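Asks: need a 3D model of the following:
(chains A and B)
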Amino acid sequence: MSSIPPTVADLFALDRQLRDDRDRRISEIVQRDRAIGKRLVSLRRKPVRQILAWLRDVTSESETDQSRRVEAGLRVVGFILTLIGLLIGWGTAAAVFYYDGSHPVNVVHVLAVFVGLQLLLLVLLLVTLCPKSWLSWLPGFSSLQQVLGFFSPGRLQGVIWRLMPQANRQSLEALLGRGKSFQRVFSAVQKWQIARWSQSFALAFNVGAISCCFYLVTFSDLAFSWSTTLQTQPEAFHRLTQTLSAPWAAWLPQAEPSPELIRETRYFRINAPSMGPNRSHSTPNPEILGGWWPFLVACLSFYGLLPRLLTWFFASWQRNRALRTTLLRIPGAADLLERLNRPAIDTRSPEPEAGPALRTDASVLPADPIASPGSGAPTVVWADLPFSQKAQATFVDKHLGTSMGETFRAGGAASLEDDARVIQALAEAAPTSIIVLIKAWEAPTLDLSDFITDLRAAVGDGVAIHVAPLGLGPPENPTLPAGSDCTQWQRLLSPLGDPWLQVHTYASESPS
Amino acid sequence: MSTPVFAVVGHPNKGKSSIVATLAQDDSVRIAPESGTTQSARRYPMRLDDEVLYVLVDTPGFQRARHVLHWMKKHESSAAQHPKIVADFLTQHQHTQRYADECQLLQPIVEGAGILYVVDGSKPYGPEYEAEMEILRWTGQPSMALINPIGPADFIDEWKNALGQYFKVVRVFDALTAEFQKRLELLRAFGALKEEWSGPLQRAVASLNEDRRHKAARAARTIVHMLADLLSHQQTQPLPPDTEPDSLREKLQAKLMQTLRQRESQCRKDVERIYGHFALNREEGELEILNQDLFSEETWSLFGLSRGELVGAGMAGGAAVGAGVDLAAGGASLLLGAALGAIAGGTLAWFSSQQVADIKVIHRPLGGRSLRCGPVKNLNFPFVVLGRARFHHLQVAGRTHAQRETLQLAATPGSDAQILPRLSDTHRKRLAVLFKQLNQTPSARSLDPDHHDELVAILTDILITDVSLTD
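Replies: So this is what the prediction gives:
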């Protein structure tokens, strides 16, 4: 764990960054994070620090500004709550210690407000902070917790934010708005942040009260007494003060009221302004009347300030712990740690696919219908069709409406010299039309295009060349090819711009 | 030691790019039924950090193989000169347009790449392939033939006989349906082509295997987040004083379902992204909520508590105060204080709650009526969601990057079970407990971090088992 805990702003910045990363290319993120991970290899076993260092690396200046604003906003909330606590503490003490010379300050009031009430609030705080699972068997306990939580001074945050500068407020609201969707993750932090603010408030309240007490003791002449309607004997009251001052009696004896002090400062309204049954007609001793203050300050410090100091430290510790835990539990954080610490595997191409999706230079332009092949047209069998001579003749008869003449082999296993001889023979025969039978299922290659170009050059313009694709089938029964197969060959030969060339697509016939 | 490079070559439109897309797990590879889709060589390095373990090179197909072979034969002096003649051909033609495709595919081979010659096993062998294979033999590089059956017809034996005359190693590899382990087997076979290639390819296989497990774990985390959200989500709407709840029910339930479905769909996308499927189209039957009344009618709330809860809180508070009195009395009151306190607190809470609820703080009332829809508490619902997520994960993890058709997921939950391995009893029982915990409370915040981790661990285990059984 890190010695420097993450901040609430870090949590939101991390959440935001991980969300933004989801829109980026995964390979880009993997490479970026792994490069950072290698630099942070010394923090491999300190995931919180590693994530924070990563965050500093990847967040932009504007995002850092926003985080700073959030942090500043949170500090302002804490500061205002502390200020309010100080003022209320001072004000409460000023009211409780109010002395105008007519009636002395009643010690019972002071103890009730600064010890009794504070201890009660402390118990309620403990009930609020108690994990739900601890007392889940107690009916109504969790509901009570929820109600008590509602009255926490930390809840004043909402009111304070309304008074904050617009930029800070908008940043906070935007981030908290996002945070709502991750309540599961952020709730622990929220609970302890509010608890910490509450304790800052309570701590400041006690500091304010003690300060006011010192101020009044120093700059005014306070007179204390104790008075209650209940039938309480000075001995019983002494036992109470003894119990209260037990923690410091050994090392701060002057802060423990003596039996004489208690006896001497009992106050009965009916005897006022006399101070005690034995002195009903004598002038009160100022030393004795002011003798309570060390005890009261010690009570304030021990039962007010000290517990709140402890709960403040506890809430701070728990908040920091929650921040660390939450940081690691934000959706995507585990994946991030993997990216930082595991070797990056990338199998994808770093280059984009080149060129347009298809060879658009060879657009599909159906050739104008040319003269049908004449009867007995010489036929070139391209690349050794896997069909018998008879099957080929039947196909031509059926789908091209003519009979095959002399057949020639070209392409495939034939050499270029063989092709040249075929072309020469065809040129010498001077036919009016030529049929070229091809495999529709094969991908067209420029090999055929070269052959047709050479053939046209040899036989001259005007001779119809009919390219007829045959579909795959048994040796005795070639099938009618799919239109898409024919289109591919059409696309290959269209760029030749030959007006006497036609690739048959058998559009009027339904493919088998 | 130089990095092993493998040039994937062959006749046009025989599935070279499909094989590369599958092995490189790259759905950006252009694949189409038309020939000429690949117009220039494209490299796919397999990188482990900064180290490149091997490179696949996708190439355009041969266009004028007979012409190239004719040129080479014309310049032949002796068999020992064959590789040099291929290199000479390249030198002479690499800046011309006529043999652009041949130069692109021969370039990596001349530089030392191994040859992966691809043919389509669903189309018959033809003599036009001989010139291509002869040219490749002239290069003298280690080579392997891959029969990739693109269609249903089977000419594999015919191809094996023909290819066996030119290549020492002939393998059948269906780029569209090859399971992950088959892909790794193929990579191992690449490594066997040359002794010095074996090490890097073995490391590549080990890394890819490990990466596979990590991907399953990441998918498990993603699915657990989705499950937690789905099982705890509820839709609440304040009910104005004179509004009948029935008028809002349909709208609220539709809103709830929309949110649940959107969340599930987001999870699907995230899982697809983990497996490198960025442009996947998917069709899936919509998530249903299994005929359950989801409504909590006119829930009365103050401080986020129902009236019953508020009375409970009042009783607890009253009891606590009463207990203080008991304590002060030294137990002489026999807990009467606590009992009376509880009764008083509860009664006070019941009667005062309406008045308190009407109080407005910063223009907002403290309480009031509301209609709540969800969370879905049907015990089968999380198992249905999990079943759907597992099925999707299985399909995505097993899907090759050469597949481009829409991913069809079963429309009914029941049909998933026929394909998915059954959950073990231990897993099922534990999941039932964790699911119950998830939807017992109104928000997902209550999922204990340890339980969350346990859920992720169980789901990782399940996903790895699913995938390994189908690999």
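Asks: and whatever helix or strand A:Gly91 lives in, what's buried?
Replies: Secondary structure assigned from DSSP states H and E places A:Gly91 in helix A:61-96. Neighbour-count burial for helix A:61-96, counted by 16 or more other C-beta atoms under 10 Å in any protein chain shown, picks out A:66-67, A:69-74, A:76-78, A:80-82, A:84-86, A:88-90, A:92-93, A:96. Where you see a C-beta, it was placed from the backbone N, CA and C, and this is true even at glycine.
Asks: my reading is that B:Ala145 lies in a strand. Confirm?
Replies: Yes: B:Ala145: assigned to a strand according to DSSP: H, G, I helix; E, B strand; the rest coil.
Asks: my guess is it meets B:Lys168, correct?
Replies: No: counting by C-beta atoms under 8 Å, B:Ala145 stays clear of B:Lys168, with 9.1 Å between them.
Asks: tell me which of these two has more neighbours.
Replies: Taking other C-beta atoms under 10 Å in any protein chain shown, B:Ala145 and B:Lys168 do not tie; B:Ala145 has more neighbours (24 against 10).
Asks: residue contacts, that one?
Replies: The contact partners of B:Ala145, taken as C-beta atoms under 8 Å, 6 or more residues apart in numbering or on different chains, are B:116-119, B:163, B:166-167, B:169-171.
Asks: buried subset of those residues?
Replies: Among the contacts of B:Ala145, the ones that count as buried by 16+ other C-beta under 10 Å are B:116-119, B:163, B:166-167, B:169-171.
Asks: any idea which helix or strand carries B:Val385?
Replies: Per DSSP H and E: helix B:381-398 holds B:Val385.
Asks: now do the helix or strand that that helix is followed by: everything it contacts.
Replies: Following helix B:381-398 in sequence order, the next helix or strand is strand B:407-408 (DSSP H and E). Residues outside strand B:407-408 that contact it (C-beta under 8 Å, 6+ apart) are B:280-283, B:395-396, B:399.
Asks: which stretches of the stretch 201-350 of chain A form strands?
Replies: For the stretch 201-350 of chain A, the strands defined by DSSP state E, counting those that start in this stretch cover A:224-225, A:345-346.
Asks: the first one - what's its average pLDDT?
Replies: Per-region confidence: strand A:224-225 scores 80 on mean pLDDT.
Asks: how far is it from where the chain is centred?
Replies: Mean-position distance between strand A:224-225 and its chain equals 60 Å (C-alpha atoms, centre = their mean, to the nearest Å).
Asks: direction included, what does that strand pair against?
Replies: Applying DSSP bridges, strand A:224-225 is found paired with strand A:105-106 (parallel).
Asks: average pLDDT for the partner strand?
Replies: Throughout strand A:105-106, pLDDT has a mean value of 84.
Asks: cool, stretch B:23-35 as well?
Replies: Here stretch B:23-35 scores 83 as its mean pLDDT.
Asks: show me which residues of that stretch are buried.
Replies: By 16+ other C-beta under 10 Å, the buried positions in stretch B:23-35 come out as B:23-31, B:34-35.
Asks: what sits up against it?
Replies: For stretch B:23-35, the external contacting residues (C-beta under 8 Å, 6+ apart) are A:347-349, A:352-353, A:357-358, A:443-444, A:484, A:488, A:491, B:12-13, B:17-18, B:20-21, B:37-38, B:42, B:44, B:46, B:56, B:58, B:61, B:183, B:186-187, B:275-280, B:401-402, B:404.
Asks: with secondary structure and pLDDT added, can I get the contacts of B:Ala145 in a markdown table?
Replies: As requested, the contacts of B:Ala145 are exported to a markdown table (DSSP: H, G, I helix; E, B strand; the rest coil; pLDDT from 0 to 100):
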| residue | secondary structure | pLDDT |
| --- | --- | --- |
| B:Leu116 | strand | 97 |
| B:Tyr117 | strand | 97 |
| B:Val118 | strand | 97 |
| B:Val119 | strand | 96 |
| B:Leu163 | helix | 96 |
| B:Tyr166 | coil | 94 |
| B:Phe167 | coil | 95 |
| B:Val169 | strand | 94 |
| B:Val170 | strand | 96 |
| B:Arg171 | strand | 95 |
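Asks: which among those gets closest to B:Arg268?
Replies: Taking C-beta to C-beta as the measure, B:Arg268 lies nearest B:Val118 of those, at 32.6 Å.
Asks: ok, for that closest one, nearest residue in space, not its chain neighbours?
Replies: Excluding the flanking residues, the one nearest B:Val118 by C-beta to C-beta, 6 or more residues apart in numbering or on different chains is B:Gly10, at 4.1 Å.
Asks: so the one you found touches B:Pro60, yeah?
Replies: No: using C-beta under 8 Å, B:Gly10 is not in contact with B:Pro60; the gap is 10.0 Å.
Asks: those two: which has the busier surroundings?
Replies: Taking neighbours as other C-beta under 10 Å, B:Gly10 and B:Pro60 compare with B:Gly10 leading, 27 against 23.
Asks: and that one, what does it touch?
Replies: With contact taken as C-beta under 8 Å, 6+ apart, B:Gly10 is in contact with B:16, B:61-62, B:117-119, B:132.
Asks: and what of A:Leu416?
Replies: Contacts of A:Leu416 were listed using C-beta under 8 Å, 6+ apart, and they are B:66-67, B:70.
Asks: go again using 10 Å as the cut-off
Replies: Residues near A:Leu416 by C-beta atoms under 10 Å, 6 or more residues apart in numbering or on different chains: A:410, A:447, A:450-451, A:454, B:64, B:66-67, B:69-71, B:73.
Asks: how much space between the residue nearest to B:Val118 and B:Ala457?
Replies: With distances taken as C-beta to C-beta, to the nearest Å, B:Gly10 is found 46 Å from B:Ala457.
Asks: how about the strands in chain B?
Replies: Ranges of strands in chain B, per DSSP state E, are B:5-10, B:42-48, B:51-58, B:114-119, B:143-147, B:169-172, B:235-238, B:282-283, B:295-302, B:305-306, B:360-361, B:364-365, B:367-373, B:407-408.
Asks: what's the burial count for B:Arg399?
Replies: Counted with other C-beta under 10 Å, residues neighbouring B:Arg399 total 18.
Asks: my guess is it contacts B:Thr177. True?
Replies: Yes: judged on C-beta atoms under 10 Å, B:Arg399 makes contact with B:Thr177 at a distance of 9.4 Å.
Asks: quick one on the thing from earlier: turn the strands of chain B into TSV, including distance to B:Asp450.
Replies: TSV is the format used below for the strands of chain B (distance: least, C-beta to C-beta, whole Å):
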stretch	distance to B:Asp450
strand B:5-10	47
strand B:42-48	34
strand B:51-58	38
strand B:114-119	50
strand B:143-147	49
strand B:169-172	48
strand B:235-238	29
strand B:282-283	34
strand B:295-302	29
strand B:305-306	27
strand B:360-361	37
strand B:364-365	37
strand B:367-373	29
strand B:407-408	35
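Asks: what's the most buried one of those?
Replies: Mean neighbour count, computed with mean count of other C-beta atoms under 10 Å in any protein chain shown, is highest for strand B:5-10 among the strands of chain B, reaching a mean of 27.
Asks: now the stretch 101-250 of chain B against chain A: closest residue?
Replies: Closest to chain A within the stretch 101-250 of chain B is B:Pro127: 3.4 Å, counting by C-beta to the nearest C-beta.
Asks: list the contacts of that residue.
Replies: B:Pro127 makes contact with A:383-384, A:409, A:411-414, B:162 under the criterion C-beta under 10 Å, 6+ apart.
Asks: related to what we said a few turns ago, what residues are shared contacts of B:Gly10 and B:Pro60?
Replies: Both B:Gly10 and B:Pro60 are in contact with B:16, B:105, where contact means C-beta under 10 Å, 6+ apart.
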